[in-house]
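Chemist: 3D model of this:
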Amino acid sequence: MPLILRLLPFLFLFIYLPAQGSAQKRIISLSPPITEEIYLLGLGENIIANTIYCTRPKEAERKEKVGSVVSVNVESIVRLQPDIVFASPLTDQRALERLRKIGIEVTVFPQPKNFHELCKSFLTLGKMLGREEKAREIVAHATKGMEELKRRYGGKEGPTVLFQIGSKPLFVANKDSIIHSYLEYVGGQNVAKDAKTGLFSREEVIRLNPEYLIIVTMGVDGEQERENWSKFRELRAARERKVYLIDAYKLCSPTPLSYVEVALKLASIFYGTKFGK
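Modeler: Next up is the predicted model:
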């Protein structure tokens, strides 16, 4: 059976199914991926508020908003009387400290740099919310998918690739980003892996001349950037029409399941008709 047909069923098996006997915690999530993971655990109804960037699943958009990923409204959070607040290192740490001093439980999850760290954080979240068994089941299925991808493609040298994050300014993903970690499973060589800051110019991209250029952005901006690159015929990726767009939300802020989905997408891009055979 083709690889894609074996892996896809579990991607949809757990998506946002309500859990039976949900723990009755009042949750505020200040991180879009954590919000999505809470829904994966079947506890979306326990979320009383989140951020303006928490848009997945669609139900998350209807929750009360208490800020952005970075800035939060402490007064609104206090008014809602949550049992726990989940945040990321990007959240204003001074605001989180104010919440702790008031007596509100706050947990900050680190930014994962690879699939292993992503799954570890997800299991911790599941344990904290009384959904450890469900979290383990999801991680087990995701791990099975990633192991099969690694067996099939991970040993390949693969094509050269550059991941572009935004355009004004132009940033690239280096070896310290979770984006780079996908290549462990699907092959490929990140030509910008040793970039110190990630800030790049178009001239540097052309000098590195990757076979594939993956633009990590969304909507009109992404399409416009792909059109901009098409004019640079000295760039191999542009000349061979190997400039692709990938959903920034899924690529940069994955759950264990969407990590598999992105890895499948990259394998499909790199290996074309070979994928799934």
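Chemist: now residue 228: how far from residue 266?
Modeler: Remark: distance between residue 228 and residue 266 (C-beta to C-beta, to the nearest Å) = 22 Å. Using the backbone N, CA and C atoms, a C-beta is placed for each residue, glycine as well.
Chemist: oh sorry, the question was meant for residue 207
Modeler: 23 Å.
Chemist: For the two, indicate the residue with more neighbours.
Modeler: Using other C-beta atoms under 10 Å, the more surrounded residue of residue 207 and residue 266 is residue 266, with 27 against 11.
Chemist: The more buried one and residue 187 touch, don't they?
Modeler: No. Assessed by C-beta atoms under 8 Å, residue 266 is found out of contact with residue 187, at 9.0 Å.
Chemist: quick one: residue 216 and residue 251 touch, right?
Modeler: Yes. Residue 216 is within contact range of residue 251, at 5.4 Å (criterion: C-beta under 8 Å).
Chemist: what stretches of this protein score poorly on pLDDT?
Modeler: Filtered on pLDDT under 70, the chain yields the residue ranges 1-24, 218-220, 273-277.
Chemist: Spell out which residues make up each domain of it.
Modeler: 3-142, 156-246 (automatic domain parsing).
Chemist: These into CSV, with extra columns for distance to residue 259?
Modeler: Putting these into CSV (distance: least, C-beta to C-beta, whole Å) gives the following:
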stretch, distance to residue 259
domain 3-142, 6
domain 156-246, 8
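Chemist: between those, which gets nearest to residue 149?
Modeler: Residue 149 lies closest to domain 156-246 among those, at 4.6 Å (C-beta to C-beta).
Chemist: so how far does that closest one reach from one end to the other?
Modeler: The first residue of domain 156-246 is 22 Å away from its last residue (C-alpha to C-alpha, to the nearest Å).
Chemist: measure residue 244 to residue 161 for me?
Modeler: For residue 244, the distance to residue 161 (C-beta to C-beta) stands at 10 Å.
Chemist: Any chance you could list what contacts stretch 84-102?
Modeler: The contact list for stretch 84-102 (C-beta atoms under 8 Å, 6 or more residues apart in numbering) reads 25-31, 34, 38, 69-72, 74, 77-78, 104-111, 125, 128.
Chemist: Restricted to helices, list these.
Modeler: 34, 38, 74, 77, 78, 125, 128 (DSSP state H).
Chemist: Buried ones only from these, please, as a PyMOL command.
Modeler: Buried members of these, defined by 16 or more other C-beta atoms under 10 Å, are picked up in PyMOL with:
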select buried, resi 34+38+74+77+125+128
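Chemist: Can you lay out the ones in helices among the contacts of stretch 84-102 as a markdown table showing distance to residue 115?
Modeler: Converted to a markdown table, the ones in helices among the contacts of stretch 84-102 look like this (distance: C-beta to C-beta, whole Å):
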| residue | distance to residue 115 |
| --- | --- |
| 34 | 17 |
| 38 | 20 |
| 74 | 34 |
| 77 | 31 |
| 78 | 36 |
| 125 | 16 |
| 128 | 21 |
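Chemist: and which of the ones in helices among the contacts of stretch 84-102 is nearest to residue 270?
Modeler: Nearest to residue 270 among the ones in helices among the contacts of stretch 84-102 is residue 34, at 30.0 Å by C-beta to C-beta.
Chemist: Next, the residue lying closest to the closest one once chain neighbours are set aside: secondary structure please.
Modeler: Counting by C-beta to C-beta, 6 or more residues apart in numbering, residue 86 is the residue found nearest to residue 34 once chain neighbours are left out, at 4.8 Å. Classification of residue 86 using DSSP: H, G, I helix; E, B strand; the rest coil returns strand.
Chemist: helices or strands up against the longest helix seen in the chain?
Modeler: In the chain, with assignment by DSSP H, the single longest helix is helix 132-149. Here helix 132-149 touches helix 3-13, helix 115-128, helix 183-186, helix 256-271, going by 3 or more C-beta pairs under 8 Å, 6 or more residues apart in numbering; DSSP states H and E.
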